[in-house]
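Undergrad: Show me how the following folds:
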Amino acid sequence: MSSEHGVEISYSLAWDAREYAINKVKGLPEEGYEKILKYLHMMREANPGSHTSYERDSKGRFRFLFISFGQSLHGFYVAIQKVIVVDETFLKSKYKGVLLVATALDGNSDLYLIAFGVVDSENDLAWNWFVRQLNAVIADEHSLAFVSDRNSSIAKAIANVYPQAHHGICIHHLLNNVVTYFSGKGVDGLVAKASKAYRADDFCKLFTAIYSISPEIGNYLIEADVRKRARCQFPGYRYDISTTNPAESINSALRTPREFPIIPLMHSIREMMTRWFFQRRTLSSKHSKPLTIAVEKKIDRRIDKGKKFKVFPISDDRHAIKAGFSVGIQAHTLTDDIYTTASWRMAYEESINPIGVPEDAWTVPSHVEQTKVLPLESRRAPGRRKKRRYETAEDKIRSSQGNQGSKGRKCSRCGIRGHDRRTCDRAI
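TA: Purely as a prediction, here's the structure:
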């Protein structure tokens, strides 16, 4: 404001003015809760087959909301990797709340939002409710897997509602805990390699090395359950999904809408899905190769790399893939159906539709019209608001490696070895 308009204002006044502008355009937060049932009814009218669920507390205050579009469910059963990543992120509107998301990846490695919900707070009750609603649209089965952080509420909800499915924990969150609570041990790289190892004997060698360096970390990893964190020990199929990145990417895409009142937030998520479905339907319709773009590129890279390998005829089946490609077997005949272009197209053949009439023309049943919903009980705490980026495990590792690498360099500020100008705390 000072540089562009020559006006000096305080941080809090600037923030309040920003919120006033958002509310002027998006509507008051209280009004969104009053209209939530009408919105859900109209959205179901526009998207037949969608599943929505809603709950209030005994005082009529908003508590839980769940939305899953019917078209999204069709795609999940047709051409989506059967690994559901669940995560949460905090909302920043006047009445706060928590956004819960369930995501997956399609055959082209693109994000696929299965369902989302808003709850009053993150706890056992909220996660159990959300997972039960998810179970109403995604059935429990042995071929299904979940990936999440080590949130105990999520673990209990999945175990309770999806007893046949398998549950894995995010490697990044595990690594982040190792870096945070066991700093200076120098085993974070080994932990990452062990978690991603394809062969059990490679995992055992790496874990033995970790334990010899730090039995404390070894015991922590054992407590974290090797079957949930190690790729080669996981009892189900994770399709190489070892982190909660898909859900975190959804949260990142909604960074700005998370500050909106609840109805504009729902609008933003629906608009995002509408755009994704249209773009991917258009892209897949123009793709002529048998496998998706991402898979075709991956196979091409592997084939080019394989051309440099030496093949020794040990037995008939020890170099079958190399020999198979050399005699004309096509790669797409050896892949899962979800990676084919045909399945990719089927996943997005339907559309996510907007509500087709303006709000003042909405027609809803009388019981919906008469039901009143109050805002969440929790409100945002007073004081200065911030937009802050938290360090990831990779950030901390890079920082740690940078500090280790700086031990032989002189600080350009104070001239002392062991740190650099960025981390120097000495006065000039």
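
Undergrad: just the helices in the stretch 51-200 of the chain please.
TA: 70-79, 124-135, 152-161, 171-181, 188-196, 200-213 (DSSP state H, counting those that start in this stretch).

Undergrad: would you list the ones you listed in TSV and tack on mean neighbour count, mean pLDDT and distance to Ala294?
TA: The C-beta positions use only the backbone N, C-alpha and C, and glycine is treated the same way. Output for the helices of the stretch 51-200 of the chain, formatted as TSV (neighbours: other C-beta atoms under 10 Å; pLDDT from 0 to 100; distance: least, C-beta to C-beta, whole Å):
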stretch	mean neighbour count	mean pLDDT	distance to Ala294
helix 70-79	20	88	13
helix 124-135	21	97	26
helix 152-161	18	96	28
helix 171-181	19	80	21
helix 188-196	21	85	19
helix 200-213	15	90	26
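
Undergrad: so which of those helices gets nearest Ala342?
TA: Checking the helices of the stretch 51-200 of the chain against Ala342 by C-beta to C-beta gives helix 70-79 as the closest, at 8.5 Å.

Undergrad: before we move on, the earlier item: for the helices of the stretch 51-200 of the chain, which one sits closest to Phe116?
TA: The nearest among the helices of the stretch 51-200 of the chain, by C-beta to C-beta, is helix 124-135 at 9.3 Å.

Undergrad: tilt between the closest one and helix 152-161?
TA: Angle, helix 124-135 to helix 152-161, by axes from the mean of the first three to the mean of the last three C-alpha atoms, to 10 degrees: 40 degrees.

Undergrad: Tell me which helix or strand in the chain has the weakest average pLDDT.
TA: Least confident helix or strand, the chain: helix 393-405 with a mean of 45, by mean pLDDT, DSSP states H and E.

Undergrad: Show me where the stretch 301-428 of the chain dips below the pLDDT cut-off.
TA: Applying pLDDT under 70 to the stretch 301-428 of the chain flags residues 311-328, 378-428.

Undergrad: Try it again at 90.
TA: Across the stretch 301-428 of the chain, the ranges flagged by pLDDT under 90 are 302-335, 372, 376-428.

Undergrad: For Gly70, which residues are in contact?
TA: Applying C-beta atoms under 8 Å, 6 or more residues apart in numbering to Gly70 gives the contacts Asn47, Pro48, Gly49, Ser50, His51, Glu350.

Undergrad: With Ala347 instead?
TA: With contacts defined as C-beta under 8 Å, 6+ apart, Ala347 is in contact with His74, Gly75, Val78, Ala79, Ile80, Asp106, Gly107, Tyr112, Arg280.

Undergrad: Which helix or which strand is home to the last one?
TA: Taking DSSP states H and E as the criterion, the element that holds Arg280 is helix 262-286.

Undergrad: pLDDT of that helix, averaged?
TA: For helix 262-286, mean pLDDT rounds to 95.

Undergrad: Tell me which other helices or strands the helix or strand following that helix touches.
TA: Downstream of helix 262-286, the first helix or strand assigned by DSSP H and E is helix 293-306. On a contact count with 3 or more C-beta pairs under 8 Å, 6 or more residues apart in numbering; DSSP states H and E, helix 293-306 meets helix 320-326.

Undergrad: how near is the residue lying closest to Phe207 once chain neighbours are set aside to Arg63?
TA: Spatially, and ignoring its direct neighbours in sequence, Phe207 is nearest to Ala194 (5.3 Å; C-beta to C-beta, 6 or more residues apart in numbering). Counting by C-beta to C-beta, to the nearest Å, the gap between Ala194 and Arg63 amounts to 41 Å.

Undergrad: Quick check: Thr256 vs Leu91, distance?
TA: 12 Å.

Undergrad: thinking Val179 is in contact with Gly189, fair?
TA: No. Assessed by C-beta atoms under 8 Å, Val179 is found out of contact with Gly189, at 10.5 Å.

Undergrad: Comparing Thr256 and Leu91, which shows the higher neighbour count?
TA: Leu91 (22 against 10; other C-beta atoms under 10 Å).

Undergrad: what about the residue lying closest to Phe182 once chain neighbours are set aside, which SS state?
TA: Counting by C-beta to C-beta, 6+ apart, Ile217 is the residue found nearest to Phe182 once chain neighbours are left out, at 5.1 Å. Classification of Ile217 using DSSP: H, G, I helix; E, B strand; the rest coil returns helix.

Undergrad: What's the local residue count around Ile217?
TA: Other residues close to Ile217 by other C-beta under 10 Å number 20.

Undergrad: show me the contacts for Pro354.
TA: Ala46, Arg270, Glu271, Thr274.

Undergrad: now the second one: how far from Tyr77?
TA: Same thing as Arg270. Taking C-beta to C-beta as the measure, Arg270 falls 21 Å from Tyr77.

Undergrad: and if you look at the last one?
TA: According to C-beta to C-beta, Thr274 and Tyr77 sit 20 Å apart.

Undergrad: Check Pro215 too.
TA: From Pro215 to Tyr77 the distance is 46 Å (C-beta to C-beta).

Undergrad: same deal with Ala155?
TA: From Ala155 across to Tyr77, the span is 25 Å (C-beta to C-beta).

Undergrad: Next: Arg150.
TA: Arg150 sits 29 Å away from Tyr77, going by C-beta to C-beta.

Undergrad: repeat for Phe260
TA: Where Tyr77 is concerned, Phe260 sits at a distance of 31 Å (C-beta to C-beta).

Undergrad: do the same with Trp127
TA: As for Trp127, its distance to Tyr77 is 24 Å (criterion: C-beta to C-beta).

Undergrad: Report the central residue of this structure.
TA: By C-alpha atoms, centre = their mean, the chain has its centre lying nearest to Ala247, at 0.8 Å.

Undergrad: Just the pLDDT for the residue found closest to that one once you drop the neighbours it is linked to in the chain.
TA: Among residues not flanking Ala247 along the chain, Asp87 sits closest, at 3.4 Å (C-beta to C-beta, 6+ apart). pLDDT for Asp87: 94.

Undergrad: Let me know how buried Ala294 is, in neighbour terms.
TA: With neighbours defined by other C-beta under 10 Å, the count for Ala294 comes to 16.

Undergrad: so who does it touch?
TA: By C-beta under 8 Å, 6+ apart, the contact list for Ala294 reads Gly107, Asn108, Ser109.

Undergrad: how about a cut-off of 6 Å?
TA: By C-beta atoms under 6 Å, 6 or more residues apart in numbering, the residues touching Ala294 are Asn108, Ser109.

Undergrad: For stretch 370-380, list the C-alpha coordinates in CSV.
TA: The C-alpha trace of stretch 370-380 is given here as CSV (Å, rounded to 0.1, in the frame of the first residue of the first chain):
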residue,chain,number,x,y,z
GLN,A,370,-37.0,-25.1,7.0
THR,A,371,-33.9,-26.7,8.5
LYS,A,372,-31.6,-24.1,10.1
VAL,A,373,-27.9,-24.7,10.5
LEU,A,374,-25.8,-22.6,12.8
PRO,A,375,-22.0,-21.9,12.3
LEU,A,376,-19.3,-23.9,13.9
GLU,A,377,-18.8,-23.4,17.6
SER,A,378,-15.0,-22.8,17.2
ARG,A,379,-13.8,-19.5,16.0
ARG,A,380,-10.4,-18.3,14.9
